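A.B. asks: I would like to see how this sequence folds:
(chains A and B)
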Number of protein chains: 2
Amino acid sequence: MIYKNYPMVSNVVFGRGSFDQLEEILASKRKGRNAPFIFYVDDVFKGNHWLTSRITLSYKDKIIYVPTKEEPRTEQIDQLVEDVILEFSELPSGIIGIGGGIVMDVAKAVSLMLTNKGESKDYQGWDLIKHPAIYHVGIPTISGTGAEVSRTTILTGPVRKLGINSDYTPFDQVILDPELTKDVPRDQWFYTGMDCFVHCVESLNGTYLNAFSESYGEKAFELCKEIFLENSLSDEEAQDKLMMASWHGGMSIAYSQVGVAHAMSYGLGYLLGIKHGIGNCIVFDHLEDYYPEGVTIFKQMKAKHNIELPQGICADLDDDQLNTMIDVALSLEPLWENAIGKNWKTVMTRQKLLELYKKM
Amino acid sequence: MIYKNYPMVSNVVFGRGSFDQLEEILASKRKGRNAPFIFYVDDVFKGNHWLTSRITLSYKDKIIYVPTKEEPRTEQIDQLVEDVILEFSELPSGIIGIGGGIVMDVAKAVSLMLTNKGESKDYQGWDLIKHPAIYHVGIPTISGTGAEVSRTTILTGPVRKLGINSDYTPFDQVILDPELTKDVPRDQWFYTGMDCFVHCVESLNGTYLNAFSESYGEKAFELCKEIFLENSLSDEEAQDKLMMASWHGGMSIAYSQVGVAHAMSYGLGYLLGIKHGIGNCIVFDHLEDYYPEGVTIFKQMKAKHNIELPQGICADLDDDQLNTMIDVALSLEPLWENAIGKNWKTVMTRQKLLELYKKM
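C.D. replies: Take a look at the predicted model:
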C-alpha cells in the first residue's frame, strides 16, 4: 500500500482580528514595485469599509472583486490569468483570496495557472501541475468547505467539475480570523457549515478511513454537533469553533475521501449550477440508506434552524439531463470506492442514482 | 493583540508501513553525489535489521546512531555539525531523524546549525535563527512529545535548558508510521504518552487557550483517555491513535503554551538529567492544586498500568542545587504566565516551588 504524502499549508495564524496582520505578513514577500499583490475579494464585501479599509495597497497592488453567485469555471480562471499577464509587466508577488470556498479556489487556481502554461481545464485531475504556484494566501470569510486547507481547487470545466489537485495547490499562508464570518447570512452559514458536517460523515464512514483522518474527522464532527445542536455557545465561540471545524474537516478528507453526497452534489452543480453547500444538503437529506446516523443528526440540525431545502429541483429534467448528472456523479470513482468499497459499481447502478435524483 | 504565525510541517505521510516510502521521498531531494543524506537513528535500533535494512544508503549517505540515555546538549550538536562539515565536501542533501524526541531534536538542531554560524547555545531562545535549515525529515518511533510537529528543539546548554524556537525548525517532511512504535518498552510508552497528556492538560487549562489550541488539545486529551484508560483498542489501534494524539497534542501547544509541570520538569532535567517524559510524570503527580481533574485522571492511568514513579529524588539535594532548579523553572516565564496568569510572580513564590520539589 502506498500512502499519500500530503502537502500542508505552510503557515497559519489564528485569532479574532488577525486579519490586521496581513500587511506585515505580505511585506517580506514583496518582490518589487512592478510585482503587485492581487487581492481577490468576495464581491459581497464591495463597499464594506470595515473589511476593505484594512487591505493596504502599495505600488501596483490591486483588489479584484469576485462574483460568487456561481462557482468558478475554468474559462473564468483563464480570463483572470490573462488579465494579470496583460496588465502587469512582472508576475505578481502574491495572490490573496479573501472570501468563501469560491474565492479560495479562484486564488489557488490563478496562482497555479500564472506559472503553468495552457488552459486550466487541462489541469483538472490529479498531479498534472508541473511548476510551483505564485505565493498565495487564503483568508476565509465563511467556514465549512475546508478549501483553506485542501490540495484541490474545484472548477467547472467544459467536460467535468473536478479540482486541480496538486502538491502546489495548498496555500503558503492562511489567516483564520473568525471575526470575518460575523455577517454571513443565516442560510449560507447553515449550508456551508453542513458541507463540513457532511465531509466528516463521509470520511468517518468511508472505506479509506485511517487514524489520521478519523482523529480530525471526529473532532470536526463533535464541533459541528456543539455548534448546530446545542445552545451553550456565544456567537463568538460558535464562529471560532466553526472555523476550526472547517479546518479539521478539511484535514480529515485531505487524508481520506468524501462520498455519496459529494459525488451526487457535483452532478447537481454541473448541470443546474447549484452551489456546493446547498447541493450537499439537498442530496444528503435523502441518503439515510448510506449514512443513517449522519442523516438523522442532519435532520435535527435542519429542524432546529428552520431550514427549508428546495424540493423538486429534478422534477422537470429530461432523460438527457438526468443522464448527464449521473455521468458526472459516476465519474468520481474514488468517492464511490471510499463510500461503498471496491465493488461499488455493482451496488451503485444508474437506476439507483436515477431514483435518488428524482426524489430531489 | 498579535497572534503567532505558526509554521507547519510541509508534508506528512501517515500509515502502517509508510516508512518504506522514505527512499522515494528522498530521491527527488538529492543534490548530488557529494551531498549525502545523514540518518540520525536512535541507538536502540543498532542491530535491529527490521528497521535498518529499510534505510537505503547511496553514494556517501551515512547512518549515525544517537545515544538516547541523556537528552541532547548544545556541545553535542556542535560536535555533530563539525563532524559533518569535516567529513563531507558539500552540505548534506538532507538530515533524517529516526527515533524519539531526542533524535527529532538532534535532527532539527543539526539541520539548523549547518546553515547558521557559531554555537548552538547562542540560538537557544525565540527567533534567533537567521537562515533556513537544510532539508530535514522526522520519523518518530515513539509517540507523545509532539517533537515531530513543533517549531522548537529542546537543548540543554551551559546556562539553560531551552529550545531553538524558529520558523525554520519544523520538519520539511514527517513520516508517521505507527508500526515503528511496536517495540517501545512499557514504561517508556507510558512516560512519553503522558508527556502528551500533560501537554493537553496544561494547554486546555492555560490562560493562552484559544479555539485553535482547544480543538487540537481536546482531541489529543480524548485519545489519551481512550488509550490509557479503556480496554477497547487493539495494540495496533492504540499505536495508531497515540501517534495522532502526539501530533494533535503538539499542535495544541504550538499555538498556546505548556505550564507548571513542564517548567518544573525542566528544572529536574537540567540539574539531575531526568528525562522529559518521566520528569513530567514525577512533577505532575504532585500538581493537584493546579490541575485537579488532570491529576486525578493521571493517577488512574498510573494505577491501571502499574507504574511506580521514583520517589525522594530531591531528598538529598542541598540548598544550592534546589536553588538552581528553582532558577531554571522560574526562568520559563511564558509557561508560568500561561499556567497562572499575568500575576504569576505573586502566586508562584520560590518557597512554594521549594515545597513542591521537596515532595518529589
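A.B. asks: can I get the CA coordinates of stretch A:67-78 in CSV?
C.D. replies: This file holds the C-alpha atoms of stretch A:67-78, laid out as CSV (Å, rounded to 0.1, in the frame of the first residue of the first chain):
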residue,chain,number,x,y,z
PRO,A,67,-18.8,37.4,-8.1
THR,A,68,-19.9,34.4,-6.1
LYS,A,69,-23.3,33.7,-7.5
GLU,A,70,-21.8,30.9,-9.5
GLU,A,71,-18.9,28.5,-8.7
PRO,A,72,-15.7,29.1,-10.6
ARG,A,73,-15.3,27.9,-14.2
THR,A,74,-12.1,27.1,-16.0
GLU,A,75,-12.6,29.8,-18.6
GLN,A,76,-13.1,32.4,-15.8
ILE,A,77,-9.7,31.4,-14.3
ASP,A,78,-8.1,31.6,-17.7
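A.B. asks: tell me which residues of that stretch are tucked away?
C.D. replies: Residues of stretch A:67-78 classed as buried: A:68, A:71-74, A:76-78 (neighbour count, 16 or more other CB atoms under 10 Å in any protein chain shown). The C-beta positions use only the backbone N, C-alpha and C, and glycine is treated the same way.
A.B. asks: And those residues, which is closest to A:Asp183?
C.D. replies: Set against A:Asp183, the nearest of those by CB to CB is A:Thr68 (14.3 Å).
A.B. asks: ok, back up a step: what is the lowest-pLDDT residue among the buried residues of stretch A:67-78?
C.D. replies: For the buried residues of stretch A:67-78, the weakest pLDDT value sits at A:Glu71, with 90.
A.B. asks: wouldn't A:Met301 be in contact with A:Val198 here?
C.D. replies: No: counting by CB atoms under 8 Å, A:Met301 does not reach A:Val198; the two are 11.1 Å apart.
A.B. asks: Neighbour count for those two, which is higher?
C.D. replies: A:Val198 (30 against 19; other CB atoms under 10 Å in any protein chain shown).
A.B. asks: What parts of chain A come near chain B?
C.D. replies: A:1-15, A:17-18, A:21, A:25, A:167, A:173, A:176, A:178, A:210-212, A:214-216, A:218-219, A:223, A:237, A:240-241, A:243-245, A:248, A:255 (CB under 8 Å from any CB of the partner chain).
A.B. asks: Now restrict these to buried residues only.
C.D. replies: By 16+ other CB under 10 Å, these give A:3-15, A:18, A:21, A:25, A:173, A:176, A:178, A:210-212, A:214-216, A:218-219, A:223, A:240-241, A:243-245, A:248, A:255 as buried.
A.B. asks: A:Ile63 pairs with what?
C.D. replies: Per DSSP bridges, the residues bridged to A:Ile63 are A:Phe39.
A.B. asks: State the number of residues packed around it.
C.D. replies: 16.
A.B. asks: same deal with the one 3 residues further on?
C.D. replies: The tally of other residues near A:Val66 (other CB under 10 Å) stands at 23.
A.B. asks: Go ahead and confirm it touches A:Gly101.
C.D. replies: No: if you go by CB under 8 Å, A:Val66 and A:Gly101 don't touch, sitting 11.5 Å apart.
A.B. asks: any low-confidence regions in the stretch 251-360 of chain A?
C.D. replies: For the stretch 251-360 of chain A, no stretch has pLDDT under 70.
A.B. asks: make it 90
C.D. replies: A:254-255 (pLDDT under 90).
A.B. asks: from it, which residue is nearest to chain B?
C.D. replies: Residue of the stretch 251-360 of chain A nearest chain B, by CB to the nearest CB: A:Tyr255 (6.4 Å).
A.B. asks: I figured that residue hits A:Met8, correct?
C.D. replies: No: between A:Tyr255 and A:Met8 there is no contact under CB under 8 Å: 10.8 Å.
A.B. asks: Distance of the closest residue to A:Glu288 other than its chain neighbours relative to A:Trp344?
C.D. replies: In this structure, A:Glu288 finds its nearest non-sequential neighbour in A:Val295, 4.4 Å apart by CB to CB, 6 or more residues apart in numbering or on different chains. As judged by CB to CB, to the nearest Å, A:Val295 and A:Trp344 stand 19 Å apart.
A.B. asks: Kindly report the same for A:Asn11.
C.D. replies: With CB to CB as the criterion, A:Asn11 and A:Trp344 are 38 Å apart.
A.B. asks: again with A:Ala261
C.D. replies: 15 Å.
A.B. asks: mind listing the helices for the stretch 201-350 of chain A?
C.D. replies: A:211-229, A:235-254, A:260-272, A:276-284, A:292-304, A:319-330, A:333-340, A:344-347, A:350-359 (DSSP state H, counting those that start in this stretch).
A.B. asks: Show me what the last one is packed up against.
C.D. replies: What that stands for is helix A:350-359. helix A:260-272, helix A:319-330 (3 or more CB pairs under 8 Å, 6 or more residues apart in numbering or on different chains; DSSP states H and E).
A.B. asks: Need the winner for burial among these.
C.D. replies: Most buried of the helices and strands packed on helix A:350-359 by mean neighbour count (mean count of other CB atoms under 10 Å in any protein chain shown) is helix A:260-272; its value is a mean of 25.
A.B. asks: report the angle between the axes of that one and helix A:319-330?
C.D. replies: If you take axes from the mean of the first three to the mean of the last three CA atoms, to 10 degrees, helix A:260-272 sits at 140 degrees to helix A:319-330.
A.B. asks: Tell me the gap between helix A:260-272 and the middle of its chain.
C.D. replies: 14 Å (CA atoms, centre = their mean, to the nearest Å).
A.B. asks: contact partners of it?
C.D. replies: A:71, A:156, A:160-161, A:198, A:201-202, A:274-276, A:279-280, A:282-284, A:287, A:290-291, A:313, A:317, A:321, A:324-330, A:332, A:335-336, A:339-340, A:348, A:353, A:356-357, A:360 (CB atoms under 8 Å, 6 or more residues apart in numbering or on different chains).
A.B. asks: Burial check on the closest residue to A:His248 other than its chain neighbours, number of neighbours?
C.D. replies: Distances taken as CB to CB, 6+ apart put A:Ala220 closest to A:His248, at 4.0 Å, once the chain neighbours are dropped. Using other CB under 10 Å, A:Ala220 is surrounded by 32 other residues.
A.B. asks: Do you know the pLDDT at A:Ala220?
C.D. replies: At A:Ala220, pLDDT is 98.
A.B. asks: now do the one 4 residues further on
C.D. replies: At A:Cys224 the predicted local distance difference test score is 98.
A.B. asks: and if you look at A:Arg16?
C.D. replies: 97.
A.B. asks: Am I right that it is in contact with A:Asp177?
C.D. replies: Yes: here A:Arg16 reaches A:Asp177: they are 6.4 Å apart, a contact under CB under 8 Å.
A.B. asks: the more surrounded of the two?
C.D. replies: Between A:Arg16 and A:Asp177, counting by other CB under 10 Å, A:Asp177 is the more crowded of the two (23 against 19).
A.B. asks: Pull the residues that contact stretch A:182-196.
C.D. replies: A:100-101, A:141-146, A:181, A:220, A:224, A:227-228, A:235, A:239, A:242, A:245-246, A:249, A:275-278, A:280-281, A:284, A:298, A:301-302, A:305, A:307.
A.B. asks: Now do the same for it: mean pLDDT, whole number.
C.D. replies: 97.
A.B. asks: how far does that stretch sit from the chain's center?
C.D. replies: For stretch A:182-196, the distance to the chain centre is 13 Å (CA atoms, centre = their mean).
A.B. asks: Now do the buried residues in that stretch.
C.D. replies: Per 16+ other CB under 10 Å, stretch A:182-196 contains these buried residues: A:184, A:187-196.
A.B. asks: Would you mind measuring the gap between the ends of stretch A:301-311?
C.D. replies: Using CA to CA, to the nearest Å, the end-to-end distance of stretch A:301-311 comes to 18 Å.
A.B. asks: Report the buried residues of that stretch.
C.D. replies: A:301-302, A:307.
A.B. asks: before we move on, what about stretch A:25-32?
C.D. replies: A:25-26, A:30.
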